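Q: Fold the following for me, if possible:
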Amino acid sequence: MDYKDYSKEELTTVLQEHGIQPTALRLELLAYLLCAGGHPTREEIHAAVCQPESKCSLASIYNIINLFAEKGLLVSIRSGDNFVRYDATLAPHGHFHCSKCNEIWNVPVNLDLERLSQLQGFRCDSSEIVIHGVCPECQKNSL
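A: Just a heads-up that it's a prediction; the model follows:
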């Protein structure tokens, strides 16, 4: 795999900033997530990061993904295909889920949680906006 966009030092810094001890597999998994884009499943991440000849187990990948999500490096998204997908884009955004092909796209949203008057007294830690519908390609194919 070629992760030229990020140096080992940059990846190490990201992990350390999130309280995660860097290991070779964690660095490789983070590089993949940052470079691959999209919203892969755990199985897709495992297939991309762990070559058949490596000793990388699916359980190791699951554990690292869970750690990354717990520490705020990943956001999990439930899709209509009954898989949990993961997003490493941490800037505020929403998702569009196509009900036909089950693809997920990032979409810009502007939701100021602190200014929602009906939430006075509540502490908002995160928000998730998922728009469900049919993507342009699936609309075109169903004509």
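
Q: Now do the closest residue to Asn110 other than its chain neighbours, the pLDDT please.
A: Closest residue to Asn110 apart from its sequence neighbours, by Cβ to Cβ, 6 or more residues apart in numbering: Pro92 at 8.0 Å. No exception for glycine: its C-beta is placed from N, CA and C like everyone else's. pLDDT recorded at Pro92 is 78.

Q: does Pro92 count as helix, strand or coil?
A: Taken by DSSP: H, G, I helix; E, B strand; the rest coil, the conformation at Pro92 corresponds to coil.

Q: Hmm, Asn106 and it touching each other?
A: No. With contact defined as Cβ atoms under 8 Å, Pro92 does not reach Asn106; the gap is 10.3 Å.

Q: Start and end of stretch 104-118, how far apart?
A: End-to-end span of stretch 104-118 (Cα to Cα, to the nearest Å): 30 Å.

Q: For burial, what's the neighbour tally of His18?
A: 15 (other Cβ atoms under 10 Å).

Q: Which parts of this protein are helices?
A: 8-17, 24-36, 42-49, 58-70, 136-141 (DSSP state H).

Q: Skipping adjacent residues, who's closest to Lys100 in space?
A: Per Cβ to Cβ, 6+ apart, closest to Lys100 is Cys138, 3.8 Å.

Q: ok, now which ones touch the one you found?
A: Contacts for Cys138 (Cβ atoms under 8 Å, 6 or more residues apart in numbering) come out as 98, 100-101.

Q: what does Gln120 give?
A: By Cβ under 8 Å, 6+ apart, Gln120 has no neighbours at all.
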